[in-house]
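Asker: what's the 3D shape of this:
(one chain, ligands or ions: 1)
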Amino acid sequence: MSFARLTTSVCFALAAIGAVSAQSTIVDPVPPAQPTGAPAAPAPGGNGAAGYPNMPTVFPPIDQTVMIPDNLLQHPLVAEGMRKVQAAVPASLLNLPVAKYVGTPTPEYPGGAAAAAANCYWPAGQCVRDVAAQGYNADVSKCPNQNDWGITYDDGPTVAPTGQFDTEDIRTALTDLNNAKATFFVCGTNAIAFPDELKKSFDAGHEIAVHTWTHHPLTSLTNQQIVAEILYTEAQIYKVIGRKPRFFRPPYGDIDDRVRAVASALGYTAIIWTAPRDTEDTTAQGADGVNKILNTARSWFQAQPGFISLEHDISTTTSEIAVKLLQSIKAAGPGFPLKIMPVGTCLGTSAYADGLAPAPNTTTLPAATTTAVPAPRTQSPPTATTAPRTGASGEKSLAVSIQPGAWVGALVMGVLAVL
Ligand SMILES: [Zn+2]
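Answerer: All right, here's what the predicted structure looks like:
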């Protein structure tokens, strides 16, 4: 069957050893080969395990090329999650067939187009459930109010070597944009690798949401695996910021009623981007590619129904695009017709299970002069090694150099041990 073209963004596995940058390339997942996961990284200031039942002491590997190991699926965290799922979700949804993994982004959906439509499979025509039903919450795919722009970044947090763009640069550009806030959908692999970055984003007032641990298309996973993907990421986020998110975004938009229901039973609402507002930033190649993406996104600068955009802080190229787009918004000055805000703010609801109030909507551009566009953290162009590239299979892969900060890790024999 033919599905709509999808954003082929990926989170990445990372390797960081002392001052030596390493490369890691996404490849097709393989069956779990490692019986153990990564020891839990120290929390940099969150609540740690306090207040979070069944907090794991071992987390899945910081490697998205392997599935969450079987032994970690047996943890009480996952068992309790499965109990909630089975109590809340009708069997008719829980028993929908699992799609066949054939590489990213889109699995082979069982039953073809008819089943995809019946089960509201997003990649098939961008189907969303606008209304809740027995077993699942309604999806969110837009901001309800005219001219509201819910701005989101997926796959981070990332820390790039000096001279390259990363999550910190996006935060700086948001701050320069009249202290604007955004929603970051983070991968567990990067949340455990860069807990300080995660904490800084939260402390700066940005929303933190779940984007799974291994970034697999969720319809290709069992119910138990989906629970583990969400809850290990949630647990790591809780350790760092002391909050439990209630927004999640399925990688590649790969969601159907089964995935929707499993996530809903865990307290989550699926946040999909508004289909025409995908920057497709992960496809950018070179300076021309960056400019092409930016020109498309600048065409959005007009009064319109509220929407949610999709960008990434996964690579230096996507982060560069994000920074330059924010600078373009600032340069537009007080006549800019849209209001930048995180998803919770545009919905008027908390991004967290404990009800923490969303950021106030204060992002309308000031009337002050805006001719001085702030320089990025560096003037150096991104290096070729950090640009997205297309693998032989046509599947997008990334080679990313990582420079550790206070946190240091080591990737040894496929298992990254957090020191
Ligand atoms: Zn993603």
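Asker: Run through the helices of the protein in chain order.
Answerer: Shown for the chain, the helices assigned by DSSP state H span residues 70-73, 76-88, 91-94, 112-118, 167-176, 188-193, 195-203, 223-241, 257-265, 286-298, 316-332, 343-347.
Asker: distance between the ends of stretch 340-352?
Answerer: Looking at stretch 340-352, the gap from its leading to its trailing residue is 20 Å under the measure CA to CA, to the nearest Å.
Asker: Hmm, I typed the wrong one, I wanted stretch 159-176.
Answerer: Using CA to CA, the end-to-end distance of stretch 159-176 comes out at 20 Å.
Asker: Next: stretch 322-342.
Answerer: 15 Å.
Asker: As a markdown table, the helices of the chain with mean pLDDT would be great.
Answerer: Putting these into a markdown table (pLDDT from 0 to 100) gives the following:
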| stretch | mean pLDDT |
| --- | --- |
| helix 70-73 | 98 |
| helix 76-88 | 98 |
| helix 91-94 | 98 |
| helix 112-118 | 96 |
| helix 167-176 | 98 |
| helix 188-193 | 98 |
| helix 195-203 | 97 |
| helix 223-241 | 98 |
| helix 257-265 | 98 |
| helix 286-298 | 96 |
| helix 316-332 | 97 |
| helix 343-347 | 97 |
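Asker: and the residue in the stretch 301-419 of the chain positioned nearest to the ion, what pLDDT?
Answerer: Scanning the stretch 301-419 of the chain for proximity to the ion using CB to the ion identifies residue 312 as nearest, at 6.8 Å. (C-beta placed from N, C-alpha, C; glycine too.) On pLDDT, residue 312 comes in at 98.
Asker: who's in contact with it?
Answerer: Residue 312 makes contacts with 9, 153, 154, 155, 156, 281, 282, 318, 319, 322, as judged by CB atoms under 8 Å, 6 or more residues apart in numbering.
Asker: Export those residues as a markdown table, with columns for distance to the ion and neighbour count.
Answerer: Output for these, formatted as a markdown table (distance: CB to the ion, whole Å; neighbours: other CB atoms under 10 Å):
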| residue | distance to the ion | neighbour count |
| --- | --- | --- |
| 9 | 4 | 27 |
| 153 | 10 | 29 |
| 154 | 4 | 27 |
| 155 | 4 | 29 |
| 156 | 10 | 27 |
| 281 | 11 | 30 |
| 282 | 9 | 24 |
| 318 | 10 | 34 |
| 319 | 14 | 29 |
| 322 | 14 | 25 |
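Asker: Tell me the one among the residues you listed nearest to residue 175.
Answerer: Within the contacts of residue 312, the smallest distance to residue 175 is 13.3 Å, found for residue 322 (CB to CB).
Asker: For that closest one, give its distance to residue 287.
Answerer: Distance of residue 322 to residue 287, given as CB to CB, to the nearest Å: 16 Å.
Asker: Next: residue 185.
Answerer: If you go by CB to CB, the gap between residue 185 and residue 287 works out to 27 Å.
Asker: Which one of those two is surrounded by more residues?
Answerer: Between residue 185 and residue 287, counted using other CB atoms under 10 Å, the more crowded position is residue 185 (29 against 12).
Asker: correct me, but that one touches residue 211?
Answerer: Yes: using CB atoms under 8 Å, residue 185 is in contact with residue 211, at 3.8 Å.
Asker: Mind listing the shared neighbours of those two?
Answerer: Residues touching both residue 185 and residue 211 (CB under 8 Å, 6+ apart) are 154, 155, 248, 249.
Asker: On the strand side of things, show who the third one bridges to.
Answerer: Read that as residue 248. Under DSSP bridges, the beta-bridge partners of residue 248 are residue 210, residue 270.
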